[in-house]
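Chemist: Sequence plus the predicted model coming up.
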Amino acid sequence: MSLQRRTLIAGNWKMNGSLASNASLLENLLAAPEIAVSGSTCEVLVCVPAVYLPQCESLLKSSAIALGAQDISAHQSGAYTGEVASAMLADFSCQYVIVGHSERRAYHHESNELVAQKALQALRSSIFPIVCVGETLEQREAGRTNEVVVTQLRAVMDVLDDGALARIVVAYEPVWAIGTGKTATPEMAQEVHAVLRSVLAERSGFAANKVRILYGGSMKPDNAKELLAMPDIDGGLIGGASLKAADFLAIIGAV
Ligand code: PEP
């Protein structure tokens, strides 16, 4: 991690939770000393299901935990049944939104171009998009990792000017590591993060220094420290372990 970039520890709750379990999880987090002191070491974020934004906004008000969402529409408003616009997220103090998570790319056939439009919409509402990129196991074994992640990142870069580019967050999430218990080694992750940063640097040195590149894929208390110690790993996007207060707090503690 770099001194220039503030470490971001982001939980992705995915389609989990209930009014009762959200309240209990957030109460446990907010009461923890790790959160009380987190301001000096990192930024903490939870990306919750859209329907729970009002509840979580109210529970997290004036706290050290920021609020985020897991997806947005690529459109501003209108006849898009079931979709949630970036301006709606902004109404609930959402500061971040995940776009292009591999589960959305796989199950909802989201293209690189659609993900890019979502990132653009988020920025238009002053919400930071967390742009997920990552290769499948098949692509890694075929030696295509860099090509895949660079293509995914470039699609987003193509629609942003340099100022907007500096405001995104990138999450490298190897698909084969998500929810599987398999983690990229710190060296494997660092190699891809360095490639992603070099692609940002080709466009803008300022953006390359500024953009945080998170690692995601079975980040847990026992591997967080060594991953976060790598120079181009600026935080984590955490799925399963963000649902257990003790695990999420231990990862925050590892920063
Ligand atoms: C994720 O889906 O963003 C993720 C990293 O999940 P997990 O930590 O459970 O692998």
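Modeler: Everything's here; your move. Numbers count the residues shown, from 1 in each chain.
Chemist: all contacts plus neighbour counts: C-alpha atoms, from now on.
Modeler: Fine.
Chemist: State the distance from the closest residue to the ligand within the stretch 1-150 of the chain to Gly100.
Modeler: Distances between the stretch 1-150 of the chain and the ligand by CA to the nearest ligand atom are smallest at Asn12, namely 5.8 Å. Using CA to CA, to the nearest Å, we find Asn12 at a distance of 13 Å from Gly100.
Chemist: More neighbours: which of those two?
Modeler: Neighbour count, other CA atoms under 10 Å: between Asn12 and Gly100, Gly100 has more, with 29 against 24.
Chemist: re the thing from before, what's the residue of the stretch 1-150 of the chain closest to the ligand in contact with, if anything?
Modeler: 46-48, 70, 237-240, 242 (CA atoms under 8 Å, 6 or more residues apart in numbering).
Chemist: if we look at the ligand, which of the residues you listed are close to it?
Modeler: Contacts with the ligand are made by 237-240 out of the contacts of Asn12, judged by CA under 6 Å from any ligand atom.
Chemist: May I see the residues you listed arranged in JSON lines, with secondary structure and distance to Ile252 as well?
Modeler: Compiled in JSON lines, the ones next to the ligand among the contacts of Asn12 are given as follows (DSSP: H, G, I helix; E, B strand; the rest coil; distance: CA to CA, whole Å):
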{"residue": "Leu237", "secondary structure": "strand", "distance to Ile252": "12"}
{"residue": "Ile238", "secondary structure": "strand", "distance to Ile252": "11"}
{"residue": "Gly239", "secondary structure": "coil", "distance to Ile252": "14"}
{"residue": "Gly240", "secondary structure": "helix", "distance to Ile252": "15"}
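Chemist: While we're on the residue of the stretch 1-150 of the chain closest to the ligand, how confident is the model there?
Modeler: On pLDDT, Asn12 comes in at 98.
Chemist: Could you dump the contacts of Asn12 into JSON lines and include neighbour count and pLDDT?
Modeler: As requested, those are exported to JSON lines (neighbours: other CA atoms under 10 Å; pLDDT from 0 to 100):
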{"residue": "Val46", "neighbour count": "26", "pLDDT": "98"}
{"residue": "Cys47", "neighbour count": "28", "pLDDT": "98"}
{"residue": "Val48", "neighbour count": "24", "pLDDT": "98"}
{"residue": "Gln70", "neighbour count": "22", "pLDDT": "98"}
{"residue": "Leu237", "neighbour count": "28", "pLDDT": "98"}
{"residue": "Ile238", "neighbour count": "27", "pLDDT": "98"}
{"residue": "Gly239", "neighbour count": "22", "pLDDT": "97"}
{"residue": "Gly240", "neighbour count": "21", "pLDDT": "96"}
{"residue": "Ser242", "neighbour count": "25", "pLDDT": "98"}
